[in-house]
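Student: Sharing a model prediction with you, sequence too.
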Amino acid sequence: MNTLGEADPGTTPFRVCFVCAGNICRSPMAESVFTDLVAAAGLERVVEVSSAGTGDWHVGEHADHRTVTALRAHGHDATAHRAKQFDPDRFDSYDLVVALDRSHERILRAWAGNDADRSKVHLLLSFDSTSGTRDVPDPYYSDAQMFETVLGMIDHACRSLFHQLEPALTQGATP
């Protein structure tokens, strides 16, 4: 890696995918926050960030308007987001698959074809030692304040995850 945080030619980026149920609330929040952390560190060529859902009922839709509003209020942009379903056949293309709650974690581990793929699946809040819970609650059936609360949880956990990965990413090593 060079001094600008750009991958050396031939270097494979570190790929992370955030996964929730429908890919319109929590995982787009995590994708947007983490993408901005990567960009602020100048590591866009070293890290690829995506998101997906375990279900297919929102495929192709925009992020929920409350997700977009909450993100915008904190300087993030998810207006280009389109929901997609996680493809278990793509496990080998990810280095880290981050589940937003234990139900997603169980589904992803069941979809994983081998121990190596199962070992890539982690709960987002497991990276946040200050969190008193393991699951990021689904704000879909709630109000705008719950979207703000959920975004705060996701932001804090994404920052913790990024700080754990950053030393290896800036040295050109795979974490």
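Tutor: Received it, and whenever you're ready, just let me know what you need.

Student: What's the separation between S27 and Q145?
Tutor: Counting by CB to CB, to the nearest Å, the gap from S27 to Q145 is 20 Å. Backbone N, C-alpha and C define where each C-beta goes, glycine included.

Student: So these two - more neighbours on which side?
Tutor: S27 (33 against 11; other CB atoms under 10 Å).

Student: That one reaches V33, doesn't it?
Tutor: No - in this structure, S27 is not within contact of V33 by CB atoms under 8 Å, at 10.7 Å.

Student: Could you pull out the helices in this protein for me?
Tutor: All helices of the chain, identified by DSSP state H, fall at 26-40, 65-73, 102-111, 115-118, 144-170.

Student: Packed most tightly, which of those helices would that be?
Tutor: helix 26-40 (a mean of 25; mean count of other CB atoms under 10 Å).

Student: Summarise which helices and strands that one is packed against.
Tutor: Here helix 26-40 touches strand 14-20, strand 47-53, helix 65-73, helix 144-170, going by 3 or more CB pairs under 8 Å, 6 or more residues apart in numbering; DSSP states H and E.

Student: Nearest spatial neighbour of M146, chain-adjacent residues omitted?
Tutor: P139 (4.2 Å; CB to CB, 6 or more residues apart in numbering).
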